[in-house]
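Asker: Sequence below, structure please.
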Amino acid sequence: MILAAGGSTRFGSPKQLLMHGGETLVRRAASAALAAGLAPVIVVVGANADEIVPSLGALTVEIVVNHQWKSGLASSLTAGLRFLDHQTSYDGVLVMLADQPLVDAPALQGLVNRFGQGRRIVASEYAGTLGVPAIFGREHMPSLMKLTGDTGAGRWLRENRGEVTAVPLDTAALDIDTPADAERLPTPASRAERCGGGSTPGRVP
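Answerer: Next up is the predicted model:
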């Protein structure tokens with residue numbers, strides 16, 4: 001499940017549409033999930049959904065629109081989990097963000113492999129803390145769905161640290177919240193790909 005519903009207030013334009021490596025961030029996240037063999041891949045959108053959904057092109061993903069996205073990150077997590085619970089049988093869910101552009105398919109597969117070894121909560125560890133991407137066993141869905149406001153899965157993980165299998169994943173430490181964060185992307189090409197110039201990062205037309 002990819003959470004991509006935020007309003008990008010600090011970024012100044014929809015960060016989900018920032019280009020990196022020839023793809024928008026949201027498409028890059030979905031491509032990584034599909035390449036890791038995850039299914040179904042659910043993309044939760046909210047703000048700017050009409051612009052973000054087309055950038056996913058023909059990728060085989062399920063779209064969930066969170067009309068309550070202004071209430072905070074927890075509403076997107078809940079919307080996605082409700083959709084998943086009604087549509088499929090599943091043993092667990094991998095939750096990731098659209099704004100962690102360096103998280104790739106091998107990294108996700110590493111988490112999946114640990115989950116497959118009988119671990120029921122597997123989370124990335126970076127910058128001295130636990131966070132997403134992370135995988136939660138189905139039995140934890142009711143607890144996650146009680147989150148409110150801007151409380152995301154990361155805080156839940158830290159509150160349940162004793163049950164978490166941590167997997168070091170330094171690439172997850174870079175999430176794009178501001179234009180300055182985008183400047184930290186590692187390849188010069190990533191900056192060239194962004195169009196629009198000035199202080200407003202580029203977007204998919």
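
Asker: and the biggest strand by length in the chain, which residues are buried?
Answerer: Ranked by number of residues, the top strand in the chain under DSSP state E is strand 129-137. Buried residues in strand 129-137, counted by 16 or more other C-beta atoms under 10 Å: Leu130, Gly131, Val132, Pro133, Ala134, Ile135, Phe136, Gly137. Glycine gets a C-beta too; all of them are placed from N, C-alpha and C.

Asker: Repeat that for stretch 41-61.
Answerer: Under the neighbour-count criterion of 16+ other C-beta under 10 Å, stretch 41-61 has 41-49, 51-53, 55-56, 61 buried.

Asker: got a list of contacts for the longest helix seen in the chain?
Answerer: Longest helix in the chain, counting residues (DSSP state H): helix 73-87. With contact meaning C-beta atoms under 8 Å, 6 or more residues apart in numbering, helix 73-87 is reached by 1, 3, 5-6, 40, 42, 44, 46, 62, 64-66, 68-69, 90, 93, 95, 141, 144-145, 147-153.

Asker: Which members of these occur in strands, if any?
Answerer: Those of the contacts of helix 73-87 mapping onto strands are Leu3, Ile42, Val44, Glu62, Val64, Val65, Val93, Val95, per DSSP E.

Asker: Is it possible to mark the buried ones in those?
Answerer: By neighbour count, with 16+ other C-beta under 10 Å, the ones in strands among the contacts of helix 73-87 hold Leu3, Ile42, Val44, Glu62, Val64, Val65, Val93, Val95 as buried.

Asker: circling back: would you mind pulling up the elements that the longest strand of the chain packs against?
Answerer: Applying 3 or more C-beta pairs under 8 Å, 6 or more residues apart in numbering; DSSP states H and E, one finds that strand 129-137 contacts strand 92-97, helix 105-115, strand 121-126, helix 153-159.

Asker: Parallel or antiparallel, which strands does it pair with?
Answerer: Here strand 129-137 is paired, per DSSP bridges, with strand 92-97 (antiparallel), strand 121-126 (antiparallel).

Asker: What residues does the residue nearest the centre of the chain make contact with?
Answerer: Residue closest to the average C-alpha location in the chain (C-alpha atoms, centre = their mean): Leu97, at 1.4 Å. Contact analysis of Leu97 by C-beta under 8 Å, 6+ apart lists Ile2, Leu3, Ala4, Ala29, Val132, Pro133, Asp175.
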